[in-house]
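Undergrad: Output the structure for:
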Amino acid sequence: MAVVINEQGEILIGYSPRDKSYKFPQGGIERGEDIISGIRRELFEELNYELQPEFILEVFSEKVNYPFPPNCHPLYKGQELSIVKIKYDIHTNISPQDDEFDKMIWIAPHEITNYNSEYRAKAYFQALKICALIQ
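TA: Residues are numbered from 1 along each chain as shown. As a prediction, this is how the structure comes out:
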């Protein structure tokens, strides 16, 4: 899970037409990847964002998780997310690349509860606490 922060202290979330809710850029780790290579790949695949190492602020050892609602993902019960805090590189463009997101917005961290993130809401709130962006 990428918690991308801009110079104004806002965080990046996007609306997913596939999930019909807001979420952070995130995804699974593929065989042979570590957390950093996985988040770099996900950011590029989803947003055409090329994460450079100097913009990684912190990789947290604490993780968050959420259960999937019934009939959401029949093969999986939920998802556990590692959290990578990233400083936004103003020289890199963000452009949704697939049906994962159709729009991205910057919001103040405390505004996360104003956006429907469905079954992910508690995990996202906890992730922002771990990142010391909310209390």
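Undergrad: And the residue lying closest to Phe101 once chain neighbours are set aside, how close does it get to Glu100?
TA: Of all residues beyond its chain neighbours, the one nearest Phe101 is Gly14 (3.7 Å), with distances taken as CB to CB, 6 or more residues apart in numbering. Every C-beta, even on glycine, is put in place using the N, C-alpha and C of the backbone. Applying CB to CB, to the nearest Å, one obtains 8 Å for the distance of Gly14 from Glu100.
Undergrad: mind pulling up the phi and psi values for Arg41?
TA: In terms of degrees, to the nearest 10, the main-chain angles of Arg41 are phi -60, psi -50.
Undergrad: switch to numbering from 860
TA: All set: I'll call the first residue 860, so the last point we hit is now Arg900.
Undergrad: count of neighbours near it?
TA: Using other CB atoms under 10 Å, Arg900 is surrounded by 15 other residues.
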